[in-house]
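Sequence first, predicted model second:
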Amino acid sequence: MSYSLQIGVRYLRSKKRATVSMITLISIIGVALGVAALLAVLSITTGFEKAFRDKVLGVNAHVLVLKYGREFRDYREVLSIVGEMPDVAGIAPFSINEMMLTKGERRAVVLVKGVTPEGLQTVLDLPHQMIAGDLKGLRRPGFIPTQTTPQQADKDWQWLRNIRDKKGDSLLFEGVRGGDEPEAEVDQKGDSPPVVDEPGLRKTFWQDETERREAQREAERRARRPNIGKVAKPDDIEAMLGDLDDDELALPDDPAWEAGLSQGGAQEPVDALPGIIVGKTLAEDLAVEVGDRVRLISPLAALGLALSEPGGASTRSREFRVIGVFQAGFQEYDSGLVYTDLFEAQRLFDEGDNVTGVELRVHDLDTSYELARRIEQDLGGAFHSLDWSELNRNLFTALEVQKIALTLVIATIIFVAAFNVIATLIMIVLEKKREIAILKAMGATDATVLGIFMLQGVVVGVIGTLAGVLVGGGLILYLDKIHFPLDPKVYLIDHLPVVVNPTVFLITIGIALLICTVSTIAPSWWAARMLPVEGLRYE
């Protein structure tokens with residue numbers, strides 16, 4: 001061992017006993033507390049960030065493809081184009097609207113998300129979040145989407161596609177006109193100017209709604225008219241019932257159906273109802289269990305705008321059967337989100353074969369932003385896409401800022417401990433001025449003296465850092481094991497998330513050693529520059 005190392009370690013000891021001095025022990029404890037606190041804060045803030053990301057991605061997809069405007073009926077074309085990209089692991093359409101879910105006297109405002117059974121398996125993590133029931137029965141056998149006539153609105157974006165494809169001004173003009181403007185009609189005599197039919201203006205929402213309500217009232221008036229038709233004879237009725245056995249003629253064993261009969265309006269048997277999946281908190285608030293009958297009510301009903309069936313009948317709500325309960329671990333989703341089949345949602349929202357957007361999952365989460373930009377370029381100007389970070393930019397930005405701020409605040413504890421190290425070294429230098437002078441008079445170089453005192457600061461930093469890692473590591477392992485409870489209404493999650501990540505340990509150790517090492521430079525440099533005569537002047 002070199003004599004500089006021996007002298008540096010000796011200066012850390014007490015004069016009377018072969019132990020460390022009290023001021024050295026205080027410096028080590030200060031560094032240890034700072035390291036333990038910094039390690040705990042980094043682990044907890046990283047845990048919050050990871051927990052929120054996992055919860056968000058467990059319910060939402062990695063990338064969403066949306067369309068400008070109110071209608072998105074050409075989603076099958078988007079599915080075929082985007083689904084062929086190599087980065088896409090799964091893709092499915094979805095629709096989402098705000099409704100009211102009721103059971104008895106209890107009710108709650110929820111977001112109803114229509115999904116496909118295939119999309120639940122390939123895009124979302126819902127199968128892993130189920131705590132009761134299952135996904136069977138989400139789509140009724142043989143149920144098909146509402147068929148609608150092709151919409152002229154899709155041609156309104158043809159001019160933008162022409163610009164994208166650079167087809168020229170003539171096609172651009174044709175795209176603006178919708179691509180189907182009629183040719184000018186010329187009089188047979190040849191003296192009439194050409195007449196061009198101008199395209200009609202698109203109807204506003206309120207015009208469409210007014211016409212729709214008028215058609216609804218007319219259908220209701222026709223429904224109230226007596227329908228006098230042919231009356232079946234008893235022999236005809238017996239012939240129809242003759243092919244049915246006793247089981248087929250038996251009434252359903254459903255108390256709700258029997259209650260409906262007693263009140264004059266038979267309800268559909270619960271087994272025949274479409275399926276719906278609710279969150280754990282929502283199920284507790286409404287006292288809902290698997291197999292219960294619930295009702296979704298449109299908010300338009302409160303405004304007098306009822307939904308309309310294809311036959312003209314009016315409906316303000318629809319019943320569903322609870323087939324499962326999920327727990328995403330995120331209060332916003334567990335208390336305000338329900339899933340149902342996409343076809344049932346389209347019928348419920350009275351949208352026809354229309355969706356809100358297309359969601360997809362990627363193989364590598366880090367490539368989601370680049371994939372979203374590439375999808376926008378391939379699909380054209382009528383579409384826009386968002387990745388998971390853009391959808392939740394405010395949340396993750398706030399978490400990142402909070403993490404940086406807390407790291408800087410807790411790091412001040414290590415800075416305070418570093419000042420203790422500086423004070424310790426200054427006191428040792430003042431106390432050992434005579435020894436420093438003798439060493440330099442015997443030929444010790446400035447680098448040797450500098451190494452003696454820097455070694456003391458480094459030893460304090462290493463011992464304090466190791467002690468802090470042990471204390472902080474034990475604390476976060478304990479918190480990770482007990483799952484310290486949190487109020488989900490305040491923190492959105494039900495327990496304190498902790499991440500035991502080697503990277504966090506390495507960052508903490510690096511910060512502590514850097515601060516302690518840098519803090520030793522000034523007093524050590526002062527001791528190294530001291531002249532021998534200054535140390536022996538008063539001897």
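On my side now, so go ahead.

in the stretch 351-500 of the chain, what spans have low per-residue confidence?
Across the stretch 351-500 of the chain, nothing is flagged by pLDDT under 70.

Mind doing that once more with 80?
351, 381, 424, 428-432, 441, 489, 492 (pLDDT under 80).

hey, where'd the helices end up in it?
For the stretch 351-500 of the chain, the helices defined by DSSP state H, counting those that start in this stretch cover 368-379, 388-391, 393-431, 433-441, 446-482, 488-491.

In JSON lines, list these along with mean neighbour count and distance to Arg295.
Yep, even glycine has a C-beta here, placed from its N, CA and C like the rest. Shown next, in JSON lines, are the helices of the stretch 351-500 of the chain (neighbours: other CB atoms under 10 Å; distance: least, CB to CB, whole Å):
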{"stretch": "helix 368-379", "mean neighbour count": "17", "distance to Arg295": "37"}
{"stretch": "helix 388-391", "mean neighbour count": "17", "distance to Arg295": "30"}
{"stretch": "helix 393-431", "mean neighbour count": "16", "distance to Arg295": "33"}
{"stretch": "helix 433-441", "mean neighbour count": "18", "distance to Arg295": "88"}
{"stretch": "helix 446-482", "mean neighbour count": "19", "distance to Arg295": "41"}
{"stretch": "helix 488-491", "mean neighbour count": "12", "distance to Arg295": "26"}
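
With only the CA atoms kept, save stretch 328-336 in PDB.
The C-alpha coordinates for stretch 328-336 follow below in PDB (Å, rounded to 0.1, in the frame of the first residue of the first chain):
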ATOM      1  CA  ALA A 328     -57.500  -2.300 -15.400                       C
ATOM      2  CA  GLY A 329     -56.100  -0.800 -12.100                       C
ATOM      3  CA  PHE A 330     -56.800   2.700 -13.300                       C
ATOM      4  CA  GLN A 331     -59.700   4.400 -11.600                       C
ATOM      5  CA  GLU A 332     -60.900   6.400 -14.700                       C
ATOM      6  CA  TYR A 333     -61.300   3.100 -16.600                       C
ATOM      7  CA  ASP A 334     -62.600   0.900 -13.900                       C
ATOM      8  CA  SER A 335     -65.400   3.300 -13.000                       C
ATOM      9  CA  GLY A 336     -66.400   4.800 -16.400                       C
END
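
still on that earlier bit, just so I know, which of the helices of the stretch 351-500 of the chain lies nearest Pro523?
Of all these, it is helix 393-431 that lies closest to Pro523, at 3.8 Å by CB to CB.

what packs against that closest one?
Using 3 or more CB pairs under 8 Å, 6 or more residues apart in numbering; DSSP states H and E as the contact test, the elements touching helix 393-431 are helix 22-59, helix 446-482, helix 502-519, helix 521-528.

Can I get those helices in CSV including distance to Met85?
Shown next, in CSV, are the helices and strands packed on helix 393-431 (distance: least, CB to CB, whole Å):
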stretch, distance to Met85
helix 22-59, 19
helix 446-482, 38
helix 502-519, 32
helix 521-528, 55
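
partners of Phe383 in the sheet?
Judged by DSSP bridges, the bridge partners of Phe383 are Lys67.

still on that earlier bit, quick check: which of the helices of the stretch 351-500 of the chain is nearest to Gly34?
The nearest among the helices of the stretch 351-500 of the chain, by CB to CB, is helix 393-431 at 3.6 Å.

what does the helix or strand harbouring Asp334 rub up against?
Using DSSP states H and E, Asp334 sits in helix 331-336. With CB atoms under 8 Å, 6 or more residues apart in numbering as the test, helix 331-336 has contacts from 55, 59, 108-111, 279-282, 285, 326-328, 488-489, 492-494.

can you list the helices of the stretch 351-500 of the chain in JSON lines and add distance to Pro523?
Formatted as JSON lines, these follow (distance: least, CB to CB, whole Å):
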{"stretch": "helix 368-379", "distance to Pro523": "49"}
{"stretch": "helix 388-391", "distance to Pro523": "47"}
{"stretch": "helix 393-431", "distance to Pro523": "4"}
{"stretch": "helix 433-441", "distance to Pro523": "12"}
{"stretch": "helix 446-482", "distance to Pro523": "6"}
{"stretch": "helix 488-491", "distance to Pro523": "45"}
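
So which of the ones you listed is nearest Gly510?
helix 446-482 (9.4 Å).

so that closest one versus helix 521-528, what angle?
With axes from the mean of the first three to the mean of the last three CA atoms, to 10 degrees as the basis, helix 446-482 and helix 521-528 are set at 150 degrees to each other.

where do the strands sit along the stretch 51-200 of the chain?
63-67, 88-103, 106-115, 130-133 (DSSP state E, counting those that start in this stretch).

List the buried residues in stretch 124-139.
Neighbour-count burial for stretch 124-139, with 16 or more other CB atoms under 10 Å as criterion, is recorded at 124-126, 129, 132-133, 135, 137-139.

ugh, wrong one, I meant stretch 500-513
Residues 504-505, 508-509, 511-513 are the ones in stretch 500-513 that count as buried (16+ other CB under 10 Å).

In those residues, find the pair that's most separated.
Val504 and Leu513 (15.2 Å).

circling back: now for the strands of the stretch 51-200 of the chain, which one comes closest to Ile29?
Per CB to CB, nearest to Ile29 of the strands of the stretch 51-200 of the chain: strand 130-133, 46.3 Å.

which residues are contacting the closest one?
By CB under 8 Å, 6+ apart, strand 130-133 touches 277, 280, 283, 289-290, 322-327.

could you give the mean pLDDT of it?
For strand 130-133, mean pLDDT is 91.

who does it pair up with?
strand 317-326 (antiparallel).

Please report the distance of the spatially closest residue to Asp378 that is not a sequence neighbour from Leu379.
Nearest residue to Asp378, sequence neighbours excluded (CB to CB, 6 or more residues apart in numbering): Ile81, at 6.4 Å. Going from Ile81 to Leu379 by CB to CB, to the nearest Å gives 7 Å.

Student question: in the chain, what's the helix or strand with minimum average pLDDT?
Sorting the helices and strands of the chain by mean pLDDT, DSSP states H and E puts helix 169-176 at the bottom, at a mean of 44.

just to revisit the earlier point, tell me the most buried of the strands of the stretch 51-200 of the chain?
strand 63-67 (a mean of 22; mean count of other CB atoms under 10 Å).
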